[in-house]
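# could you work out the structure for the sequence below:
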Amino acid sequence: MAETVTTFSPALTLPINYAMASGQSVPAEAYKLWACIPVNDETGVVIDNVQKGDTVLIYDGSGIASFKSTNMAFVKSAIGIANAVVNGVAVVATDGAAAPFLAGWNGVVDSVQSAIPSGAVKSGRRDMYGRDPGTGDYAKNEGGIIVCMPESKGAIYATSDYYLADGAKANGRQVKYFSAATKAKNAFFPCNVNGGTMQGVATTAGAVHILAFDSKFTDNAGYYNLAILVLRATSNKTQQQLIAELANSPPSSGM
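Numbers count the residues shown, from 1 in each chain. Sure thing, here's the model as predicted:
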């Protein structure tokens, strides 16, 4: 079977098929993607060739960023395919096979970390959920990650139409606090508390944009690492089966 992609770029196009050793072309059923998103990059990452009915799931993430009066050298976001389920099995079957991908991933993270000035992430801090790890409050108007599904037709920025409602500050970015404009575009803010969501289902084919939620990016510092699953609606496996297979398959460390 063909090797997975081991290079990183700001955008990727999901392959419909993978080539088997026999030469047969077989549809992919699901993908594990790793993304590194500096919070001063206003375009983030793009996942193209998402199909109608596909599920985009944020299943892991890390990183703390500052959204207040700081700066870092500009580094583009990067995303790559870590693994995929093809013909019922994961493409990368062993940790050894994942080594080239991990080497590329570590290079991406190193370049981002080297761009952050010492002590830059001190105030206005937000994790990927928009939460300040010191105070416990959630930002309503900036910070964290926004996932813009194909219906969004591009990246969504932190304008008043997309601010979260007041209750989000204390209770987290639950779906009930999403604005009408956010819901209309099928975008979502990852949220790991009751009433939140970590996934979206595409109602049309197109590209998914994932970026920091903000309107002014030049005074930010830090980055988020995300592990993302894209589950094809055409797979014969259940979503639970696909999630278990990819979440537990290599590479499973290095985030």
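# helix, strand, or coil at the residue minimising distance to the centre of the chain?
Centroid-nearest residue in the chain: Leu226, 4.7 Å away (criterion: CA atoms, centre = their mean). Look at Leu226: counting by DSSP: H, G, I helix; E, B strand; the rest coil, its state is strand.
# could you do Gly222 as well?
strand.
# show me what contacts it?
Pro38, Val39, Gly63, Ile64, Ala65, Ser66, Met72, Ile116, Ala120, Val121, Arg125 (CB atoms under 8 Å, 6 or more residues apart in numbering). Any C-beta I mention is one placed from the backbone N, CA and C, and that applies to glycine too.
# residues contacting Pro15?
By CB under 8 Å, 6+ apart, the residues touching Pro15 are Ala28, Asn49, Ala84.
# a helix runs through it, doesn't it?
No. Using three-state DSSP, the secondary structure at Pro15 is coil, not a helix.
# need the three-state assignment for Phe101.
Going by three-state DSSP: Phe101 is helix.
# check Val108 too.
Val108 - assigned by three-state DSSP - is helix.
# what about it, how many neighbours?
Burial measure for Val108: 23 neighbouring residues, criterion other CB atoms under 10 Å.
# ditto for the one 3 residues further on
The criterion is other CB under 10 Å. On that basis, Ser111 has 15 neighbouring residues.
# could you pull up phi and psi at it?
Backbone torsions of Ser111, given as degrees, to the nearest 10, read phi -70, psi -40.
# wait, it touches Val75, no?
Yes. Look at Ser111 against Val75 with CB atoms under 8 Å: they come within range, at 5.9 Å.
# tell me the contacts of Ala65?
Contact analysis of Ala65 by CB under 8 Å, 6+ apart lists Val39, Val121, Arg125, Arg126, Asp127, Gly143, Ala212, Asn220, Ala221, Gly222, Tyr223, Tyr224.
# give me the buried subset of the contacts of Pro15.
Ala28, Ala84 (16 or more other CB atoms under 10 Å).
# closest to Ser9 out of the contacts of Pro15?
Ranked by distance to Ser9 (CB to CB), these are led by Asn49 at 14.4 Å.
# following element in sequence after the helix or strand harbouring that closest one, please.
Element membership for Asn49 (DSSP states H and E) is strand 45-50. Following strand 45-50 in sequence order, the next helix or strand is strand 55-62 (DSSP H and E).
# so what strands line up beside that next one?
Strand 55-62 sits in its sheet next to strand 199-201 (antiparallel), strand 221-231 (antiparallel), going by DSSP bridges.
# just among the contacts of Ala65, which is most surrounded?
Most crowded among the contacts of Ala65, counting by other CB under 10 Å, is Val39 at 32 neighbours.
# quick revisit: turn the contacts of Gly222 into a markdown table, including distance to Lys176 and pLDDT.
Shown next, in a markdown table, are the contacts of Gly222 (distance: CB to CB, whole Å; pLDDT from 0 to 100):
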| residue | distance to Lys176 | pLDDT |
| --- | --- | --- |
| Pro38 | 30 | 98 |
| Val39 | 26 | 98 |
| Gly63 | 26 | 96 |
| Ile64 | 26 | 96 |
| Ala65 | 25 | 97 |
| Ser66 | 28 | 97 |
| Met72 | 34 | 95 |
| Ile116 | 35 | 96 |
| Ala120 | 34 | 94 |
| Val121 | 30 | 94 |
| Arg125 | 25 | 96 |
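# where does the stretch 151-255 of the chain have low pLDDT?
For the stretch 151-255 of the chain, applying pLDDT under 70 flags the ranges 253-255.
# counting neighbours, what do you get for Met72?
The burial count for Met72: 24, using other CB under 10 Å.
# not counting its neighbours along the chain, what's nearest it?
Ala221 (4.2 Å; CB to CB, 6 or more residues apart in numbering).
# show me which positions of stretch 160-172 end up buried.
Buried-residue list, stretch 160-172, by 16+ other CB under 10 Å: Tyr162, Tyr163, Leu164, Ala168, Lys169, Asn171, Gly172.
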